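Enquirer: Take a look and give me a structure for this.
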Amino acid sequence: MDQLHCMKAFVRVVEHGAFARAADDMGISRASVTDAVGKLEKRLGVRLLNRTTRRVSLTDEGRTYYEDCLRLLDQIAEAEDRLSGARLVPRGRLRVSVPQSFSEKILMPRLSDFMRQYPELGLDLIITDRAVNLVEEGVDCALRGVEIPDDSGLVARKLATAHWMTCASPDYFAAHGVPATIDDLRRHECIRFVSPSTGRGRDWSFVVDGHPVNVDLCGKLQLTSLEGALDAALAGLGIAQIPDAVAYQSLVDGRLTAVLTEYIALSPALMFVYPGNRYLTAKVRAFGQYFAGSLPPDGWWPLIAAQRSAGLTPEPARAVEGATLLLAGSRPAGPADEPRA
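Expert: Model prediction:
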């Protein structure tokens with residue numbers, strides 16, 4: 001019995017949740033994977049997996065053994081990487097989870113250059129706003145724009161600061177007026193983002209006199225996609241609050257206008273995450289380092305404000321007296337203004 005092979009097969013079954021997908025990943029037959037796991041269970045004298053026609057799940061003993069297998073396999077991979085040294089080249093397939101909104105605005109514009117730098121690396125992209133379980137679903141790493149709990153079991157590296165931009169199309173403001181205060185938003189159509197994971201609507205975030213303020217705003221339209229909220233704002237359906245990374249190009253080219261910019265709050269930073277119980281492989285490291293070096297660390301809002309101030313982009317539509325638009329002198333919330341959890 002090749003115990004190392006059997007352990008790898010067991011781990012792949014757990015990560016993929018199915019014997020057939022584990023076999024495809026390893027490039028062997030399903031029967032071989034089934035036989036390998038069976039040999040492990042016989043040798044250990046315990047059942048590692050609960051099997052039904054629809055799913056595979058870990059037993060209590062299997063969960064403990066799975067964690068031990070991960071540590072042992074990672075130690076082996078780390079030892080091999082050290083021997084490879086400078087000759088190590090990222091290769092193989094990398095499974096990455098990315099939210100829908102970040103896929104189009106952040107990932108895709110940079111993907112061609114990344115793949116050109118690493119020609120031996122293939123990518124499997126899981127593009128979804130669902131909260132993907134990296135370990136259970138066999139995903140190597142992810143880009144995320146949400147708070148990462150300390151007890152998540154994930155290693156998280158900050159790639160870029162992010163800000164909530166309150167914005168709408170110039171046509172919407174021309175038809176409905178421009179809010180001069182946060183309270184004025186209650187008289188407007190506010191497009192609400194609803195988390196697809198929790199089903200809860202997100203309150204809008206601001207910073208007033210250095211203190212975080214959350215406001216429950218909701219109009220006729222609710223969406224489970226930040227990209228959808230952007231499209232709705234561009235279509236003139238109302239005002240949306242969107243991360244600056246998502247709204248950046250539309251704000252720069254004048255298709256959207258930002259308001260109440262002196263109250264801008266930080267949104268959850270863009271993070272690169274991977275399971276903490278795994279050795280950081282060369283391909284995961286390469287992906288994280290590339291995006292850490294290609295994204296603006298202070299976020300997109302300072303870039304937007306600088307371009308507006310320099311007159312390098314179209315001027316926003318004329319505002320009513322007293323309203324705050326994206327003008328020189330506006331500032332993003334600084335570290336002292338960051339909302340506390």
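
Enquirer: Packing partners of the lowest-mean-pLDDT helix or strand in the chain?
Expert: Taking mean pLDDT, DSSP states H and E as the measure, the chain has helix 60-84 as its least confident helix or strand, at a mean of 79. The contact analysis (3 or more Cβ pairs under 8 Å, 6 or more residues apart in numbering; DSSP states H and E) places helix 60-84 against helix 3-16. (Each C-beta comes from the backbone N, C-alpha and C, glycine too.)

Enquirer: Torsion angles phi and psi at the nearest residue to Leu107 once chain neighbours are set aside?
Expert: Using Cβ to Cβ, 6 or more residues apart in numbering and skipping the chain neighbours, the partner closest in space to Leu107 is Val98 (5.3 Å). When read as degrees, to the nearest 10, the backbone of Val98 gives phi -140, psi 130.

Enquirer: so Val98 bridges to which residues?
Expert: Ile127 (DSSP bridges).

Enquirer: any idea how far it lies from Thr52?
Expert: Applying Cβ to Cβ, to the nearest Å, the value for Val98 to Thr52 is 31 Å.

Enquirer: Which one's more surrounded, those two?
Expert: The residue with more neighbours, out of Val98 and Thr52, is Val98; 22 against 7, by other Cβ atoms under 10 Å.

Enquirer: That one contacts Ile126, doesn't it?
Expert: Yes - counting by Cβ atoms under 8 Å, Val98 touches Ile126, with 7.2 Å between them.

Enquirer: so what's the residue nearest to Leu107 up against?
Expert: 107, 125-127, 142-143 (Cβ atoms under 8 Å, 6 or more residues apart in numbering).

Enquirer: In the helix or strand where Lys39 lies, which residues are buried?
Expert: Per DSSP states H and E: Lys39 is located in helix 30-44. Neighbour-count burial for helix 30-44 flags 32-34, 36-37, 39-41 (criterion: 16 or more other Cβ atoms under 10 Å).

Enquirer: Next secondary structure after that helix?
Expert: Downstream of helix 30-44, the first helix or strand assigned by DSSP H and E is strand 49-51.

Enquirer: For Leu107, which three-state class applies?
Expert: Using DSSP: H, G, I helix; E, B strand; the rest coil, the structure places Leu107 in helix.

Enquirer: Within its local environment, how many residues does it see?
Expert: Leu107 has 18 neighbouring residues, counting by other Cβ under 10 Å.

Enquirer: same thing with Val11?
Expert: By other Cβ under 10 Å, 18 other residues sit near Val11.

Enquirer: Let me see the contact set for it.
Expert: 66, 69-70, 73.

Enquirer: Please enumerate the strands of the stretch 51-200 of the chain.
Expert: Taking DSSP state E, counting those that start in this stretch as the test, the strands found in the stretch 51-200 of the chain are 56-58, 92-98, 121-127, 141-144, 154-168, 190-193.

Enquirer: In a markdown table, list these along with mean pLDDT and distance to Ala22.
Expert: Putting the strands of the stretch 51-200 of the chain into a markdown table (pLDDT from 0 to 100; distance: least, Cβ to Cβ, whole Å) gives the following:
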| stretch | mean pLDDT | distance to Ala22 |
| --- | --- | --- |
| strand 56-58 | 87 | 9 |
| strand 92-98 | 90 | 13 |
| strand 121-127 | 91 | 15 |
| strand 141-144 | 92 | 20 |
| strand 154-168 | 92 | 23 |
| strand 190-193 | 95 | 36 |
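
Enquirer: Which stretch among the ones you listed approaches Pro212 most closely?
Expert: Comparing those against Pro212 with Cβ to Cβ, the closest turns out to be strand 154-168 (11.0 Å).

Enquirer: any idea how far the closest one is from the chain center?
Expert: When distances are taken as Cα atoms, centre = their mean, to the nearest Å, strand 154-168 is centred 9 Å away from the chain's centroid.

Enquirer: bridging residues for Cys167?
Expert: Cys167 has these beta-bridge partners by DSSP bridges: Ala240, Ala258.

Enquirer: what's near enough to touch it?
Expert: Listed by Cβ under 8 Å, 6+ apart, the contact partners of Cys167 are 233, 239-242, 247, 250-251, 256-259.

Enquirer: how close does it sit to Arg54?
Expert: Taking Cβ to Cβ as the measure, Cys167 falls 45 Å from Arg54.

Enquirer: Same check on Val208?
Expert: Going from Val208 to Arg54 by Cβ to Cβ gives 51 Å.

Enquirer: again, but for Pro90
Expert: Distance from Pro90 to Arg54, by Cβ to Cβ: 35 Å.

Enquirer: And these two? Which one has more around it.
Expert: Just comparing Pro90 and Arg54: by other Cβ under 10 Å the higher neighbour count belongs to Pro90, 18 against 6.
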